[in-house]
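Enquirer: please work out how this folds:
(chains A and B)
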Protein chains: 2
Amino acid sequence: MSDKIILIGAGLAGSLLSVYLAKKGYQVELFERRPDMRKTNIGAGRSINLALSTRGIHALKEVGLYEEIMKIAIPMKGRMIHNRNGDMQFQPYGKNDSEVINAVSRGDLNMRLMDLAEKNKNVTIHFNERCTGMNFSTGEVHLTNEVSSESHIEKGRTVIGTDGSASAIRMDMLKIGRFSFSQSYLEHGYKELTIPAGDNGDFLLEKNALHIWPRKTYMLIALPNIDGSFTCTLFYPMEGENSFEALKTESQLLAFFQKEFPDALALMPTLREDYFTNPVGTLITVKCSPWYVEDKVVLLGDAAHAMVPFYGQGMNCAFEDCTYLNGCIESFGPNWETVFKEYEKLRKVNANAIADLAVENFYEMRDKVSDPLFVLKKKIEHVLEEKFPGIFIPKYTMVSFMRVPYATAMQRGLVQDFILNELTIGIERMDEVDLIKAEQLIRDNLTPM
Amino acid sequence: MSDKIILIGAGLAGSLLSVYLAKKGYQVELFERRPDMRKTNIGAGRSINLALSTRGIHALKEVGLYEEIMKIAIPMKGRMIHNRNGDMQFQPYGKNDSEVINAVSRGDLNMRLMDLAEKNKNVTIHFNERCTGMNFSTGEVHLTNEVSSESHIEKGRTVIGTDGSASAIRMDMLKIGRFSFSQSYLEHGYKELTIPAGDNGDFLLEKNALHIWPRKTYMLIALPNIDGSFTCTLFYPMEGENSFEALKTESQLLAFFQKEFPDALALMPTLREDYFTNPVGTLITVKCSPWYVEDKVVLLGDAAHAMVPFYGQGMNCAFEDCTYLNGCIESFGPNWETVFKEYEKLRKVNANAIADLAVENFYEMRDKVSDPLFVLKKKIEHVLEEKFPGIFIPKYTMVSFMRVPYATAMQRGLVQDFILNELTIGIERMDEVDLIKAEQLIRDNLTPM
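Expert: Numbering: from 1, shown residues only, chains lettered A, B, ... in the order given. The predicted structure is shown next:
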């Protein structure tokens, strides 16, 4: 028993973490509430498409899964902005084609990770096992089998809660003393829609881009799938005058898409079925502290810090949690309480930062991306990045293409925003005078990374 | 059944609310987890002393309980600041002796309110009844009797959760969709200590004051009891170099009090027993939304918005909730969903404001009250209040001696702080020039209330 570790939740984070732990020689027992998605056709969770970037890739490389996973990924080089009149504008994410994010299907990725986890003899995934809570004194986990309805208790050397944003383990931590916790919902929800592939599996929009139809208080986005289709997501208020609640009839729906997203509408033959069949998802941010109870249990991924999807970092942050937890096990194992304490110390401030940046990026995506001043600033950022390598690095680059701590990215991003604001007061383009001014501002405010 | 309302928790808010509802003709069934404190000697909850002020008094007057309750209250006219060398300084709360707050024992007050509630034939208090949750579809409340261990279900026209900061009803609301919630703990905890009465029940410190020993990062306070004793509360960090965790031995305890609170120590013969017997309490802030589920249930008082005790408004705010809920019942009853919706609309923003002010006031009490500039500003406030009646009103006055919405008090307080800061830049006293400057600032920034 001493080497058995219990993981609750075989989602992306749990499946990946089991590989890390197996490589360290632990016996991993992974309990998953849902049936095996490789055998039954079930939904993959709260969103279908994800953007895999540097932090997630680093973790996959650490456990040797990178090559395998990249087979199901599509690189996205930038944002393709769609205006109402059908005009499009491409905004690259990075300084060149090496700086891309990768569209992957959550379901495909989860299934691959489960396959790869089970290749390790010391990993066992138990399906249809709902965690109903935990005894923090004894370390016992309470589980109920969803098929037989029978309850049982499991115990190992320790427990890791990778059970997502509605974590049952975390819910029980509310009952212990001095557990700080918050969950807050955006007023927007989301609904997934489809642009199918063309004849012969052609992509009907630019394949290597994340498409955005920004409309100020709401937006539509689309990410490519390997079969040639795009998964679209409409982010829209839950309630009020313009909302999912108010958009009730087919004619309202068509009029809305005709006015706001005519070019997308032309590619969406199943819009009506999709809209009236698919559920409205909610957008939650969860923060809590502490993430662990003694040496009994620790939270990882969404269970510790659920975030909204607008920076494409939920999975990447969870995978980076695995990298850091693994590092702490190397430094402090098998003193689990110290492992958990150091892991939280390293990660919590950064998880808070990316959660806040993700909310902030919603406003950028749905609103600012179509603003000429925003576009100018993005261009200036790339000029400054080139002129001051290693000193001025766009925030998006620090978050998506580097492994610099999220909190550092946020702080340096604020200073850089200040510099960009100073530079663009009353100007429309970057000239020599501005560059001299920029140089002074950067020397005054930034130290090399 | 149609006129039966179920209240969960017969604390201060639940007991008072039952009287409001009884006066409206409802049959009130009040379920309380603890035994009857009038018959068994149990603790009264999380703090022994409370400060009853205008909002709470207004509610007591509305239901005709004011005269009876004031018999057990002691007016406190201001703060008595104790320095390390034994010097004292009195800072009045209001502009005259009509502006006082009233020390009451939580236990005495709760027992009186229960007595007065039970005088209404349509109020029944059931003791030893633990609420274990609620079914929001049916409106059924799940209860377990703590003596017999038997479980039963209760149902009425609606349910009101007055079950305090650890509300079981609210805990179940976490399971419904889009419930935003936060609980956060201060790094400080508290421990209650005693200054007994002198011979013949004499008060050994000034009776009509709230005593404070401010020591920057921590503080001791004392409130008078009607038997001549004072209940002291030490607010101190939970962990770290100077903390409850570190203060472990008798000699450490005595050395600490000798150095920091020598005048109090001389009056505390039971310090050692009190310190090593009494538990350390925690200080929590709870915010959530929505406060209600359809017409099935609504939260009131600490269950909806627990706050730290440093503005003395937890009970007063809960009592004011009763005033407002009663007003909404008058306007919209028996349409309970509308009642609850309007009640939350009126109260939530204000509950948030006082919760934030209460945290802020901790820093004022433990730190700023001994700062000469702070003392000067307090004096200037009273001068401005006199010169601009109804326009410049100190924040403490708005919160404690008026019923202006807490959010308004907070906003106007910010503007006034700005004015006070402007007036005290580089000056040590209020002269004619400053008054002219003040007049201009006030005319520019404030409208009469």
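
Enquirer: so the residue in the stretch 101-250 of chain A that chain B sits nearest to, which state does it fall into?
Expert: Of all residues in the stretch 101-250 of chain A, the one sitting closest to chain B is A:Ser182 (3.5 Å; Cβ to the nearest Cβ). C-betas here are computed from N, CA, C, even on glycine. With DSSP: H, G, I helix; E, B strand; the rest coil as the basis, A:Ser182 sits in strand.

Enquirer: just give the nearest non-adjacent residue to it, would you?
Expert: Using Cβ to Cβ, 6 or more residues apart in numbering or on different chains and skipping the chain neighbours, the partner closest in space to A:Ser182 is B:Ser182 (3.5 Å).

Enquirer: just the residues contacting the helix or strand containing A:Asp108, thanks.
Expert: In this assignment (DSSP states H and E), A:Asp108 forms part of helix A:106-118. For helix A:106-118, the external contacting residues (Cβ atoms under 8 Å, 6 or more residues apart in numbering or on different chains) are A:10-12, A:15-16, A:18-19, A:22, A:28, A:30, A:36-38, A:44-45, A:47-50, A:52, A:65, A:68-69, A:72, A:123-125, A:226.

Enquirer: show me which of these are buried.
Expert: A:10-12, A:15-16, A:18-19, A:22, A:28, A:30, A:37, A:44-45, A:47-50, A:52, A:65, A:69, A:72, A:123, A:125, A:226 (16 or more other Cβ atoms under 10 Å in any protein chain shown).

Enquirer: right, and A:Leu234 touches A:His188 too?
Expert: No - in this structure, A:Leu234 is not within contact of A:His188 by Cβ atoms under 8 Å, at 9.6 Å.

Enquirer: mutual contacts of these two, please.
Expert: Joint contacts of A:Leu234 and A:His188 (Cβ under 8 Å, 6+ apart) are A:Tyr218.

Enquirer: bridging residues for the residue nearest to A:Ser182?
Expert: A:Ser182, B:Lys287 (DSSP bridges).

Enquirer: okay, now it: neighbour count?
Expert: Neighbour count for B:Ser182, taken as other Cβ atoms under 10 Å in any protein chain shown: 16.

Enquirer: distance of it relative to B:Gly161?
Expert: 17 Å (Cβ to Cβ, to the nearest Å).

Enquirer: can you check A:Met88 too?
Expert: For A:Met88, the distance to B:Gly161 - Cβ to Cβ - is 53 Å.

Enquirer: neighbour-wise, which of the two wins?
Expert: B:Gly161 (31 against 13).

Enquirer: quick one: contacts for that one?
Expert: With Cβ under 8 Å, 6+ apart, B:Gly161 has these contacts: B:8-9, B:167-170, B:297-300, B:303-304.

Enquirer: columns neighbour count on top of those residues, output as a markdown table?
Expert: Listed next are those as a markdown table, based on neighbours: other Cβ atoms under 10 Å in any protein chain shown:
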| residue | neighbour count |
| --- | --- |
| B:Ile8 | 29 |
| B:Gly9 | 28 |
| B:Ser167 | 24 |
| B:Ala168 | 21 |
| B:Ile169 | 24 |
| B:Arg170 | 25 |
| B:Val297 | 24 |
| B:Val298 | 28 |
| B:Leu299 | 27 |
| B:Leu300 | 29 |
| B:Ala303 | 31 |
| B:Ala304 | 30 |
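
Enquirer: for A:His142, state which of those residues is nearest.
Expert: Taking Cβ to Cβ as the measure, A:His142 sits nearest to B:Ala168 out of those, at 19.2 Å.

Enquirer: what about A:Tyr343, which helix or strand?
Expert: Going by DSSP H and E, A:Tyr343 is in helix A:336-366.

Enquirer: what are the buried residues along that helix?
Expert: A:336, A:339-344, A:347-348, A:350-362, A:364-366.

Enquirer: next one: stretch A:162-177
Expert: Judged by neighbour count (16+ other Cβ under 10 Å), stretch A:162-177 contains these buried residues: A:162-173.

Enquirer: could you pick out which of the residues you listed are near chain B?
Expert: A:Met171 (Cβ under 8 Å from any Cβ of the partner chain).

Enquirer: what number of residues lie near A:Pro389?
Expert: By other Cβ under 10 Å, 11 other residues sit near A:Pro389.

Enquirer: and what of A:Phe418?
Expert: So A:Phe418, with other Cβ under 10 Å, has 12 neighbours.

Enquirer: A:Thr338 contacts A:Lys345, correct?
Expert: No - here A:Thr338 lies out of contact with A:Lys345, judged by Cβ under 8 Å, at a distance of 10.4 Å.

Enquirer: what parts of chain A come near chain B?
Expert: Checking chain A against chain B by Cβ under 8 Å from any Cβ, the hits are A:171, A:174, A:177-185, A:238, A:282.

Enquirer: flag whichever of these scores worst on pLDDT.
Expert: Checking pLDDT across the residues of chain A next to chain B, the minimum falls on A:Gly177 at 84.

Enquirer: now do the contacts for the nearest residue to that residue once chain neighbours are set aside.
Expert: Nearest residue to A:Gly177, sequence neighbours excluded (Cβ to Cβ, 6+ apart): B:Thr282, at 6.5 Å. Contact partners of B:Thr282, counting by Cβ under 8 Å, 6+ apart, are A:177-178, B:185-186, B:189, B:238.

Enquirer: ok, 7 Å please
Expert: A:177-178, B:185, B:189 (Cβ atoms under 7 Å, 6 or more residues apart in numbering or on different chains).

Enquirer: do the same with A:Lys207
Expert: Per Cβ under 7 Å, 6+ apart, neighbours of A:Lys207: A:74, A:224.

Enquirer: repeat for A:Asn445
Expert: Contacts of A:Asn445 by Cβ under 7 Å, 6+ apart are A:415, A:419.

Enquirer: go with 10 Å
Expert: Shown in contact with A:Asn445 (Cβ atoms under 10 Å, 6 or more residues apart in numbering or on different chains): A:391-392, A:412, A:415-416, A:418-419, A:422.

Enquirer: quick check: pLDDT value at it.
Expert: 78.

Enquirer: do A:Glu386 as well
Expert: 88.

Enquirer: and the gap between it and chain B?
Expert: In this view, A:Glu386 and chain B are 43 Å apart by Cβ to the nearest Cβ, to the nearest Å.

Enquirer: from A:Met307, how far out is that residue?
Expert: Distance from A:Glu386 to A:Met307, counting by Cβ to Cβ: 31 Å.

Enquirer: so which of these two has more stuff around it?
Expert: Between A:Glu386 and A:Met307, counted using other Cβ under 10 Å, A:Met307 has the larger neighbour count: 25 against 10.

Enquirer: you'd agree the more buried one is up against A:Glu360?
Expert: No - with contact defined as Cβ atoms under 10 Å, A:Met307 does not reach A:Glu360; the gap is 11.1 Å.

Enquirer: shared neighbours of A:Thr338 and A:Lys345, anything?
Expert: With Cβ under 10 Å, 6+ apart, A:Thr338 and A:Lys345 have common neighbours A:Cys328.
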